[in-house]
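Enquirer: Just to be clear, the model below is a prediction. Sequence and coordinates:
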Amino acid sequence: MNLKSTLLATAATLIVAAPAMAQDATTQPAPAPQPAPGAAAPAAPAPTPEQAAFQAEAEAFEQRVDPMGSEIAAAIAAAGSDTVKAQADADAIIDRYAPEFTAFADKLDAFLDSQIAASTDQAAIAGMTQAKANAVPQLRGAPAMIKAQVAQQIAAQAAPTPAPAPAQPAPSTPPTE
């Protein structure tokens, strides 16, 4: 079952993309000249204390929601062929984790607002505004999206495999006189 990897990929994309975009947008200096061949590449700028704190919060969020995929997979397996129970149990698990997504979306929203307010770089502000417009609603909507993915997976597992087509009788030839 790839449910866990799907859930983790979704969460990781939402968790990592926006802070990384915000950090990139706020810490990217003007393009530097290319180093000479064989020279060491310049180090990336260190994150601000606020960016480091938010990255730690993102990692903590990921650890808090990581068990969700395994719990859902176990609930579906325990329900056996009872698709109604499987969906109800999975929905209950997702509902239990939904406040984590909402809380993290609120923290991301506040973090991006603070980064936007602190920046004077119009390109960085535009990037962070776009990240906020995309990532925050996606995080808030993640539980509903996960429920829909689980429902699709349960339906696909419950769908009967098509029976082989019946053999066609050989065409009969009319009697000849």
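Expert: Great, that's in hand.

Enquirer: How about Thr102: what's its closest non-neighbour residue?
Expert: Leaving aside its sequence neighbours, Thr102 sits nearest to Arg140 (Cβ to Cβ, 6 or more residues apart in numbering; 6.0 Å). Where you see a C-beta, it was placed from the backbone N, CA and C, and this is true even at glycine.

Enquirer: For the one you found, grab the count of nearby residues.
Expert: When neighbours are defined as other Cβ atoms under 10 Å, Arg140 has 18 of them.

Enquirer: got it, and Ser81?
Expert: 8.

Enquirer: distance of the residue nearest to Thr102 from Ala74?
Expert: Going from Arg140 to Ala74 by Cβ to Cβ, to the nearest Å gives 26 Å.

Enquirer: any idea which element the residue nearest to Thr102 lies in?
Expert: Using DSSP states H and E, Arg140 sits within helix 122-158.

Enquirer: So which bits of that helix are buried?
Expert: Buried positions in helix 122-158, judged by neighbour count with 16 or more other Cβ atoms under 10 Å: 124-125, 127-128, 131-132, 135-136, 138-140, 142-143, 146-147, 149-150, 153-154.

Enquirer: got it, and stretch 95-105?
Expert: Those would be 97-98, 100-101, 104-105, for stretch 95-105 by 16+ other Cβ under 10 Å.

Enquirer: mind listing which of the residues you listed are in helices?
Expert: Counting by DSSP state H, the buried residues of stretch 95-105 place 97-98, 100-101, 104-105 in helices.

Enquirer: can you give me phi and psi for Asp121?
Expert: The phi/psi pair for Asp121 (degrees, to the nearest 10) reads phi -80, psi 110.

Enquirer: Report pLDDT for it.
Expert: Looking at Asp121, its pLDDT reads 94.
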